[in-house]
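# One predicted model, sequence on top.
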Amino acid sequence: MKLKKVDLSFQSCNSEYKEAKVVIFSSPMDATCSFRPGTRFAGNAIRVDSFGVEWYSPYQDLDLKDYKTCDIGDLDLPIGHVEHSLKLIEETTAKILADGKKPMMIGGEHLCSLAPVKALIKKYPDLRIIHFDAHTDLRDEFFGRKLSHATVLRRIYDLVGDDKIWQFGIRSGDKSEWNWAEKEKHTHLHRYDLETLDECLEKIKDYPVYFTLDLDVLDPAYFPGTGTPEPGGVTFKELLAAILKLKKLKNFVGADMMELSPQYDTSGASTAAACKALREIVLLLHQERGHE
């Protein structure tokens, strides 16, 4: 598998693959979306609109131009073929890891997150997951399918097990999912907001950590451009503050940012929010100094 940069990259992230430390790629799949599809268009929209967002982060006093980041663009996924698409995402992530780099995936529906975790768990058996989302995503099956955007964290749990997943911002899900997480204590689920993130980071900061961000954790007032908007979410300012706390991690091994459907927000505000969040996460992946 040969990976190389694309001409239209995210902001200034146009380093050659060989020299990059962080590799951005997008997974244009929305095959299991149960309400409004369109996340397959997120990667391209983010790349185009990123030219309206500064390369410099005043929050971290860092500039993307100072770091070697390669954007390899949209993966060539077979439309409608879930298993094959997930395999290609996993293989791409495995290649990035084998080459000593960190993966940063743009979704795509949230089910895509299963594939990078499958690759990461082989390198990091003690992997921990931080999950921001409006939805539990813990169903064992949805419409008779084990592989769905509504089952992705349950499938990730199958890989990592108890006491490895921390969920924040959750405000929607079937009652059985809440019981499975909270009463049976299979995951650490924090309802409605991001306020206990500091406690989580203190407990897992020495472990390898993967961060999966479903952008619908944001309130639809701030982020209407998503397939399953859920009122009662956090503000962008709150999300940004939480993302910046990830600098406490000693081994931040990869991340994804999922569920932007740009066509549902013709103002472009949702895509701009995604661009800004992505800039900060990529900079954090570069700054982390772990014990890999």
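Received the coordinates, thanks.
# This protein: strands as residue ranges?
For the chain, the strands identified by DSSP state E occupy 22-27, 56-57, 62-63, 69-74, 102-107, 128-132, 165-170, 188-191, 209-214, 252-258, in order along the chain.
# Relative to Leu8, which of these is closest?
With CB to CB, the closest approach to Leu8 among the strands of the chain belongs to strand 69-74: 7.4 Å. From N, CA and C alone the C-beta is placed, and that goes for glycine too.
# and the direction of the closest one versus that of strand 102-107, what angle?
Put simply, strand 69-74 runs at 40 degrees to strand 102-107, going by axes from the mean of the first three to the mean of the last three CA atoms, to 10 degrees.
# For the stretch 51-200 of the chain, which segments are assigned as helices?
Secondary structure of the stretch 51-200 of the chain (DSSP state H, counting those that start in this stretch): helices at 82-98, 114-123, 152-160, 175-178, 197-204.
# Tell me the pLDDT of Pro290.
Quick fix: residue 290 is Gly, not Pro. Note for Gly290: predicted pLDDT of 53.
# returning to what we had before: would you reformat the helices of the stretch 51-200 of the chain as a markdown table and include distance to Ala221?
Conversion of the helices of the stretch 51-200 of the chain to a markdown table gives the following (distance: least, CB to CB, whole Å):
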| stretch | distance to Ala221 |
| --- | --- |
| helix 82-98 | 32 |
| helix 114-123 | 30 |
| helix 152-160 | 25 |
| helix 175-178 | 25 |
| helix 197-204 | 22 |
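# ok, Leu278 to Arg47 distance?
As for Leu278, its distance to Arg47 is 10 Å (criterion: CB to CB, to the nearest Å).
# ok so, going back, mind checking which of the helices of the stretch 51-200 of the chain is nearest Arg145?
With distances scored as CB to CB, the stretch of the helices of the stretch 51-200 of the chain nearest to Arg145 is helix 82-98 (8.3 Å).
# which residues touch the closest one?
With contacts defined as CB atoms under 8 Å, 6 or more residues apart in numbering, helix 82-98 is touched by 1, 3, 23, 25, 27, 29, 31-32, 75-78, 102-103, 105, 111-112, 114-116, 118-120, 122-123, 147, 254.
# quick one, which of the strands of the chain is nearest to Thr39?
strand 102-107 (5.6 Å).
# Partner strands of the closest one, with direction?
strand 22-27 (parallel), strand 252-258 (parallel) (DSSP bridges).
# distance of Leu159 from Arg139?
Summarising the geometry, the distance separating Leu159 from Arg139, computed by CB to CB, is 16 Å.
# Between these two, which has more neighbouring residues?
Set side by side, Leu159 and Arg139 show unequal neighbour counts under other CB atoms under 10 Å, the larger going to Arg139 at 23 against 15.
# where in this protein is pLDDT low?
Applying pLDDT under 70 to the chain flags the ranges 288-292.
# Name the residue most distant from the centre of it?
Of all residues in the chain, Lys183 has its C-alpha farthest from the mean position, at 26.5 Å, by CA atoms, centre = their mean.
# and the biggest helix by length in the chain, which residues are buried?
Determined from DSSP state H, the single longest helix within the chain is helix 269-287. The neighbour-count check on helix 269-287 (16 or more other CB atoms under 10 Å) flags 270-286 as buried.
# Export that helix to PDB, keeping only CA atoms.
What follows is helix 269-287 as a C-alpha-only set of coordinates in PDB (Å, rounded to 0.1, in the frame of the first residue of the first chain):
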ATOM      1  CA  ALA A 269     -20.700  27.400  10.100                       C
ATOM      2  CA  SER A 270     -20.700  23.700  10.900                       C
ATOM      3  CA  THR A 271     -17.800  23.000   8.500                       C
ATOM      4  CA  ALA A 272     -15.900  26.000  10.000                       C
ATOM      5  CA  ALA A 273     -16.300  24.500  13.400                       C
ATOM      6  CA  ALA A 274     -15.100  21.200  12.200                       C
ATOM      7  CA  CYS A 275     -12.000  22.800  10.600                       C
ATOM      8  CA  LYS A 276     -11.100  24.600  13.800                       C
ATOM      9  CA  ALA A 277     -11.500  21.500  15.900                       C
ATOM     10  CA  LEU A 278      -9.400  19.500  13.500                       C
ATOM     11  CA  ARG A 279      -6.600  22.100  13.600                       C
ATOM     12  CA  GLU A 280      -6.400  21.900  17.400                       C
ATOM     13  CA  ILE A 281      -6.400  18.000  17.400                       C
ATOM     14  CA  VAL A 282      -3.700  17.800  14.800                       C
ATOM     15  CA  LEU A 283      -1.500  20.200  16.700                       C
ATOM     16  CA  LEU A 284      -2.100  18.200  19.900                       C
ATOM     17  CA  LEU A 285      -1.000  15.000  18.100                       C
ATOM     18  CA  HIS A 286       2.200  16.700  17.100                       C
ATOM     19  CA  GLN A 287       2.900  18.100  20.600                       C
END
